[in-house]
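Enquirer: sharing a model that was predicted from the sequence below.
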Amino acid sequence: MNNKNKICIVIPYFGEWPEWISYYLLSCKYNSSIDWQFFTDCGIPEIRSKNLIFHKMTLTEFNQLAGKQLDLELSIRNPYKLCDLKPAYGLIFHDYLKDYDFWGYGDIDLIYGRIFDFISDKKLNEYDIISNHSDFIAGHFCLLRNKPEITRLFMKGGYYKKAFLQSNYTGFDEQILDFKVFTNPRYLKLSKKINTVYHLALNLIVNSPAKKVLRPVWKTVKEKKKTELKDFTSIVSSTREKKEIKIIYNTTFQSDLMFLKRKIKNWNITWNRGKLVNEQTNEDLLYFHFILSKNSGKFRIDPIHEDTQSFNIQPTGIKT
């Protein structure tokens with residue numbers, strides 16, 4: 001499907017490409033009407049396409065560019081910290097995005113389906129921000145209209161300065177975390193695991209037999225956070241309430257974290273020539289996020305071949 005709106009998703013990535021990068025890029029390649037621009041020191045992967053654009057950049061060079069555009073003295077040492085800066089990518093990479101109607105950001109531990117089956121020109125013409133989560137601005141996939149008042153939206157309240165200058169990941173791109181994530185590679189996995197366990201425990205409590213009492217309390221806490229302008233979700237929510245922007249929240253993806261919360265163990269996601277389907281439910285997906293599985297010792301990646309046109313994502317890995 002050819003859409004009139006030109007879209008670019010921005011991915012700065014430093015260090016080493018993950019083992020599954022070719023599968024991720026193959027799923028991007030099949031969304032040929034969308035461009036992905038990578039800013040990286042990892043080299044150019046084997047999967048090539050006109051809509052996959054690679055710029056050579058080091059983390060030091062990113063700090064210099066972002067610092068200049070944000071007027072901050074940035075010294076990011078650990079790449080995971082970049083997640084906090086996602087809402088600022090439109091400003092940081094402004095010179096690379098001039099020809100696009102929308103810019104966006106996302107993660108690379110996921111596989112895309114047919115994006116335009118879910119995001120039509122009609123939606124793009126009507127809304128300024130498209131977030132792929134029903135409750136908050138999703139760091140793993142978000143599209144923003146390429147105009148100054150949207151690109152600079154993250155600056156409202158001024159909290160971005162504090163968030164960007166901290167060494168830990170604060171959750172500014174989504175919702176401020178109760179426990180910040182250590183971005184040092186030595187402690188990153190453990191720190192992320194602690195956060196996951198915390199949120200799973202919170203989910204169990206909120207959905208426990210006492211949920212009638214707890215849910216109103218939890219809702220009050222969430223509403224209070226939305227007024228503090230300490231993260232991108234609260235900033236967007238506040239701006240929307242003033243009718244200054246139009247935003248749509250959708251959940252058209254699935255993840256292994258969702259399945260864990262629902263106690264679903266033997267899931268199977270099939271990608272076939274761009275189409276992504278949950279085999280158990282026969283649902284079409286915009287993307288599947290294997291946020292937890294990739295860190296499992298049993299998650300294995302089959303070699304990809306030049307003629308690979310289908311594969312499966314399962315708890316044990318990506319299988320051709």
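Expert: Here it is on my side, so go on. Residues are numbered from 1 along each chain as shown.
Enquirer: where do the strands of the stretch 201-320 of the chain begin and end?
Expert: For the stretch 201-320 of the chain, strands defined by DSSP state E, counting those that start in this stretch occupy the ranges 247-249, 253-255, 269-272, 275-278, 283-284, 287-289, 300-301, 310-314, 317-319.
Enquirer: looking at it, Ile194 is touching Leu177, isn't it?
Expert: No: using Cβ atoms under 8 Å, Ile194 is not in contact with Leu177; the gap is 10.5 Å. C-betas here are computed from N, CA, C, even on glycine.
Enquirer: so, low pLDDT: which residues of the stretch 101-250 of the chain?
Expert: 199, 202-203, 205-208, 210-227 (pLDDT under 70).
Enquirer: mean neighbour count and distance to Tyr159 added to the strands of the stretch 201-320 of the chain, as JSON lines?
Expert: Formatted as JSON lines, the strands of the stretch 201-320 of the chain follow (neighbours: other Cβ atoms under 10 Å; distance: least, Cβ to Cβ, whole Å):
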{"stretch": "strand 247-249", "mean neighbour count": "17", "distance to Tyr159": "19"}
{"stretch": "strand 253-255", "mean neighbour count": "21", "distance to Tyr159": "27"}
{"stretch": "strand 269-272", "mean neighbour count": "19", "distance to Tyr159": "37"}
{"stretch": "strand 275-278", "mean neighbour count": "19", "distance to Tyr159": "36"}
{"stretch": "strand 283-284", "mean neighbour count": "13", "distance to Tyr159": "37"}
{"stretch": "strand 287-289", "mean neighbour count": "24", "distance to Tyr159": "27"}
{"stretch": "strand 300-301", "mean neighbour count": "14", "distance to Tyr159": "38"}
{"stretch": "strand 310-314", "mean neighbour count": "18", "distance to Tyr159": "36"}
{"stretch": "strand 317-319", "mean neighbour count": "18", "distance to Tyr159": "38"}
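Enquirer: so can I have CSV of those showing distance to Tyr169?
Expert: Shown next, in CSV, are those (distance: least, Cβ to Cβ, whole Å):
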stretch, distance to Tyr169
strand 247-249, 23
strand 253-255, 18
strand 269-272, 27
strand 275-278, 28
strand 283-284, 31
strand 287-289, 17
strand 300-301, 25
strand 310-314, 25
strand 317-319, 26
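Enquirer: from Met258, how far out is the nearest residue to Ser296 once chain neighbours are set aside?
Expert: Leaving out its chain neighbours, the residue that sits closest to Ser296 by Cβ to Cβ, 6 or more residues apart in numbering is Pro315, at 7.4 Å. Counting by Cβ to Cβ, to the nearest Å, the gap between Pro315 and Met258 amounts to 13 Å.
Enquirer: how about Leu229?
Expert: Plainly put, Leu229 is 28 Å away from Met258 if you go by Cβ to Cβ.
Enquirer: quick one, which of these two is more surrounded?
Expert: Using other Cβ atoms under 10 Å as the criterion, Leu229 and Met258 rank with Leu229 on top: 18 against 15.
Enquirer: contacting residues around the residue lying closest to the more buried one once chain neighbours are set aside?
Expert: Among residues not flanking Leu229 along the chain, Gly157 sits closest, at 3.2 Å (Cβ to Cβ, 6+ apart). By Cβ atoms under 8 Å, 6 or more residues apart in numbering, the contact set of Gly157 is Glu228, Leu229, Lys230, Ile235.
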